[in-house]
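Asker: any chance you can model this:
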Amino acid sequence: MNSIKRGKWLALLCLLPFAVFFIIFQIAPLAWVMLHSVQVESSWGLDNFSKVFNSKFYRQAIQHSLEISFWSSLFGILIAILGSYSLRRVDSRLRDFVNAFANMTSNFSGVPLAFAFIILLGFNGALTLLLKQAGIIEDFNLYSKTGLIILYTYFQIPLGVLLLYPAFDALREDWRESAELLGANAWQYWRLIGLPVLTPALLGTFVILLANALGAYATVYALTTGNFNVLPIRIAALVAGDISLDPNLASALAVILVGLMTLVTVVHQWLLKRSYHVAR
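Answerer: Numbering: from 1, shown residues only. Below is the predicted model of the structure:
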C-alpha cells in the first residue's frame with residue numbers, strides 16, 4: 001500500500017510542472033481577459049459587450065469570422081474525407097509520402113502562405129491571369145470573403161487529413177464484404193455502417209477545424225494588412241493599434257470569441273452523444 005501511495009504522489013509531483021504551466025499560460029490570461037471585459041475605465045459593467053453588439057462594425061466582424069470559419073471547415077473536411085479514404089486504398093509508399101506532405105503543409109501558414117496565394121491568385125497572379133485568358137473567370141478578388149474562404153480551406157485540408165486518416169482504420173474490410181454478401185450496395189454500406197462509425201471522428205475534426213479558422217490571425221493579417229473585418233484582426237487592432245487603443249473592448253471581443261468556440265464545443269458534445277445513441 002505504501003508503494004502504491006508513493007507512486008501516486010510521484011505521479012502528482014510529475015504533473016505539477018504541467019499544472020503550473022497550464023495555470024500561467026491558460027487560466028491566468030483567460031481570467032485577466034474576462035475580468036477586463038467587464039471593466040469600463042474605473043467602473044464595472046457590461047458596457048463593452050453592449051458596445052460590441054450595438055455596433056454594426058463589430059457585428060460584421062463576428063459574422064465574417066463565423067462565415068469564413070464554417071465554409072472553410074466544411075469544404076476542408078469534405079476534401080479531407082475523400083483524401084483520407086483514398087489514402088487507405090493506395091500503395092503504402094505513396095501513402096507515406098502524402099502523409100509527410102500533409103504534415104508539412106499543415107504548418108505552412110502566416111506570411112509565406114499569404115505571399116504564395118498573392119503570387120498565384122492575386123489581381124495579377126499567375127493562376128488568375130491564366131483563368132482570365134481561358135475565359136473561365138472575369139474577375140477574382142483574393143482579398144474578399146470568397147478569397148479568404150479559399151485561403152482558409154487550403155490550410156484546413158492537410159490538418160483534416162492528418163486527423164481523419166487514423167479514423168478510417170476503424171472501418172474493417174470484412175464489414176464491407178459482409179454487407180455485400182447480404183446484398184447491400186455502396187450507399188447502404190456507408191449510410192448504415194461507415195458513417196455511424198466515423199461520425200465521432202468527423203464531428204471532432206470539424207470542431208477542431210472550426211476553432212482553427214476562428215482563431216487564425218497571421219495569415220489574414222499578412223494578406224489584407226489588417227483591412228478585412230474579422231474578430232482576431234479587431235482584437236489585435238484594439239490591443240496594439242495606434243488610433244483605437246482599447247484593451248477592455250478587446251477583452252470583450254476575446255470573451256465573445258471564446259464563447260463562440262465554447263458553444264461550438266457544447267453543440268459538438270451534444271451531437272456526439274446523439275450519434276452514439278443512433279449507432280447503438
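Asker: can you tell me the helix or strand for the closest residue to residue 193 other than its chain neighbours?
Answerer: Nearest residue to residue 193, sequence neighbours excluded (C-beta to C-beta, 6 or more residues apart in numbering): residue 175, at 5.6 Å. (Glycine included, C-beta is placed from N, CA and C.) Residue 175 belongs to helix 173-181 when assigned by DSSP states H and E.
Asker: mind listing what's buried in the helix or strand following that helix?
Answerer: Sequence order places helix 186-189 as the next helix or strand after helix 173-181, per DSSP H and E. Across helix 186-189, burial judged by 16 or more other C-beta atoms under 10 Å covers residue 189.
Asker: SS state for residue 228?
Answerer: Per DSSP: H, G, I helix; E, B strand; the rest coil, the secondary structure class of residue 228 is coil.
Asker: and it, how far from residue 156?
Answerer: The gap separating residue 228 from residue 156 is 18 Å, by C-beta to C-beta, to the nearest Å.
Asker: if we can go back for a sec, does the residue nearest to residue 193 touch residue 192 like I think?
Answerer: No. With contact defined as C-beta atoms under 8 Å, residue 175 does not reach residue 192; the gap is 10.2 Å.
Asker: re the thing from before, off-centre distance for the helix holding residue 175?
Answerer: With C-alpha atoms, centre = their mean, to the nearest Å as the basis, helix 173-181 stands 34 Å off its chain's centre.
Asker: kindly report the same for stretch 223-240.
Answerer: On the basis of C-alpha atoms, centre = their mean, stretch 223-240 sits 18 Å off its chain's mean C-alpha point.
Asker: straight-line length of it, end to end?
Answerer: 18 Å (C-alpha to C-alpha, to the nearest Å).
Asker: which residue ranges of this protein form strands?
Answerer: 39-40, 43-44 (DSSP state E).
Asker: which of those strands sits most buried?
Answerer: strand 39-40 (a mean of 16; mean count of other C-beta atoms under 10 Å).
Asker: helices or strands up against it?
Answerer: helix 47-54, helix 247-279 (3 or more C-beta pairs under 8 Å, 6 or more residues apart in numbering; DSSP states H and E).
Asker: so for residue 228 and residue 156, which sits in the more crowded spot?
Answerer: It is residue 156, of residue 228 and residue 156, that has more neighbours when counted by other C-beta atoms under 10 Å, with 29 against 18.
Asker: which residues touch the residue nearest to that one when sequence neighbours are not counted?
Answerer: Nearest residue to residue 156 in three dimensions, chain neighbours excluded: residue 76, at 2.9 Å (C-beta to C-beta, 6+ apart). Residue 76 makes contacts with 152, 153, 156, 157, 159, 160, 209, as judged by C-beta atoms under 8 Å, 6 or more residues apart in numbering.
Asker: pipe the residues you listed into TSV and attach distance to residue 63 per row.
Answerer: Converted to TSV, these look like this (distance: C-beta to C-beta, whole Å):
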residue	distance to residue 63
152	15
153	19
156	20
157	24
159	24
160	24
209	19
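Asker: among these, which ones are buried?
Answerer: Neighbour counting over these (16+ other C-beta under 10 Å) leaves 152, 153, 156, 157, 159, 160, 209 as the buried ones.
Asker: taking these, tell me the two that lie furthest apart.
Answerer: 152 and 160 (11.9 Å; C-beta to C-beta).
Asker: that older thread, the more surrounded of residue 175 and residue 192?
Answerer: Neighbours per residue (other C-beta under 10 Å) separate residue 175 from residue 192, with residue 175 holding more: 14 against 11.
Asker: tell me the pLDDT of the more buried one.
Answerer: Here, the pLDDT recorded for residue 175 equals 80.
Asker: residue 2 too?
Answerer: Reported pLDDT for residue 2: 64.
Asker: and the one 3 residues further on, by the same measure?
Answerer: With respect to pLDDT, residue 5 has a value of 71.
Asker: again with residue 232
Answerer: With respect to pLDDT, residue 232 scores 90.
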